[in-house]
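Asks: Let's see this in three dimensions:
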Amino acid sequence: MVSGKKPVTPDFDGVEIHYEPHGTGQVPLMFLHGWGGNCRTWDPILPKLDAAQFRSICVDLRGHGQSGQPAVGYTWTDFTQDVLAVADRERLSRFVPVGFSMGGKLACHLAALHPERIPAQVLVSSAGPGLVPIEREAGLQICRAANDRNKNKLFFGNWFGPRAAKAVVDAYCDTIAATPVDVLMATAEMTLWTSIERVVGNLPLPTLLVMGRSDPVYGEAYQRASVLPYLANAQTASVASGHFIPLECPAILAKLLNEHVPTMIPGSARCGDGMHR
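Replies: This is a model prediction of the structure:
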């Protein structure tokens, strides 16, 4: 497996975006993490993917992980331009976003504005294009306290399924705590209280929608009411997990990607279908 760490600086505002490419397959997967996360979200999945098929690119979204942390510039347009800059650096004319939570909403924004570059997408425990049913002041209070690891565990511990390992819960709470509070507040505003419904409309591209049966906020009922109506060509998969499917059930998610993504892009598993420039 080929891997490495690379930065890219989008021309439009100069913020350095960190990303890590893995593998040499013909189908590019662009992994987009959730709120307060980073590209380490996908570490448990990468070794389980079919290396003969996929080339995986894991991005630290702006403000997160090793990417730049500007004081401003936290909009869906900024995030979309960052992801496209990474794709351009990797000479990808088309790619399949795999978006978790906040990253799922970003994937929908990408697909709506750049359909020529997004032939299919995978949404995992995704936030929907509309507003999320979390009260603003309560959400901002969580953001203000997020640098406290123990407070994160009190709140987000309930978002994991009952079988999640303590080490997995602790690690993710530490990741949130390492993210600047200003970034958490700005991206919460984007994800929870900014609607992109008019931009997204009814997306026609093939979509795999993966949901956790024990997810207390973005679970099956939410996905069917707030995400699925915006997807004209979707298939669903329900797994025995809480919200953090990539961390709780990496083998199951990898299996879904291995089996479904090639069927969503006719011919791509054989020849790349013009994915690379």
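
Asks: list the contacts for A251?
Replies: Neighbouring residues of A251 by Cβ atoms under 8 Å, 6 or more residues apart in numbering: K48. Backbone N, C-alpha and C define where each C-beta goes, glycine included.

Asks: what helix or strand does it sit in?
Replies: helix 250-264 (DSSP states H and E).

Asks: and stretch 210-230, how far apart are its ends?
Replies: Stretch 210-230 has its terminal residues 15 Å apart, counting by Cα to Cα, to the nearest Å.

Asks: Which residue ranges of this protein form helices?
Replies: In the chain, the helices defined using DSSP state H lie at 76-89, 102-113, 136-144, 149-156, 166-177, 181-193, 197-200, 220-226, 245-248, 250-264, 268-271.

Asks: Just want the angle from the fifth one to helix 149-156.
Replies: Between helix 166-177 and helix 149-156, the angle formed by their directions is 110 degrees, by axes from the mean of the first three to the mean of the last three Cα atoms, to 10 degrees.

Asks: With the second one instead?
Replies: In this structure, helix 102-113 runs at an angle of 60 degrees to helix 149-156, with the same axes, to 10 degrees as the basis.

Asks: between helix 102-113 and helix 181-193, how many degrees?
Replies: Counting by the same axes, to 10 degrees, helix 102-113 points 60 degrees away from the direction of helix 181-193.

Asks: cool, and the third one?
Replies: Between the direction of helix 136-144 and that of helix 181-193, the angle (the same axes, to 10 degrees) works out to 150 degrees.

Asks: Buried residues in helix 136-144, which are they?
Replies: Along helix 136-144, these residues count as buried under the neighbour rule (16 or more other Cβ atoms under 10 Å): 139-140, 142-143.

Asks: Return the member of those residues nearest to T187.
Replies: Top of the list for closeness to T187, among those and by Cβ to Cβ, is C143 at 8.9 Å.

Asks: Distance of that closest one relative to V181?
Replies: Computed with Cβ to Cβ, to the nearest Å, the distance linking C143 and V181 is 6 Å.

Asks: Reformat the helices of the chain as TSV; add mean pLDDT and distance to V8.
Replies: Below are the helices of the chain laid out as TSV (pLDDT from 0 to 100; distance: least, Cβ to Cβ, whole Å):
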stretch	mean pLDDT	distance to V8
helix 76-89	96	5
helix 102-113	98	16
helix 136-144	95	27
helix 149-156	92	30
helix 166-177	96	22
helix 181-193	97	19
helix 197-200	98	24
helix 220-226	98	32
helix 245-248	98	23
helix 250-264	97	24
helix 268-271	40	24
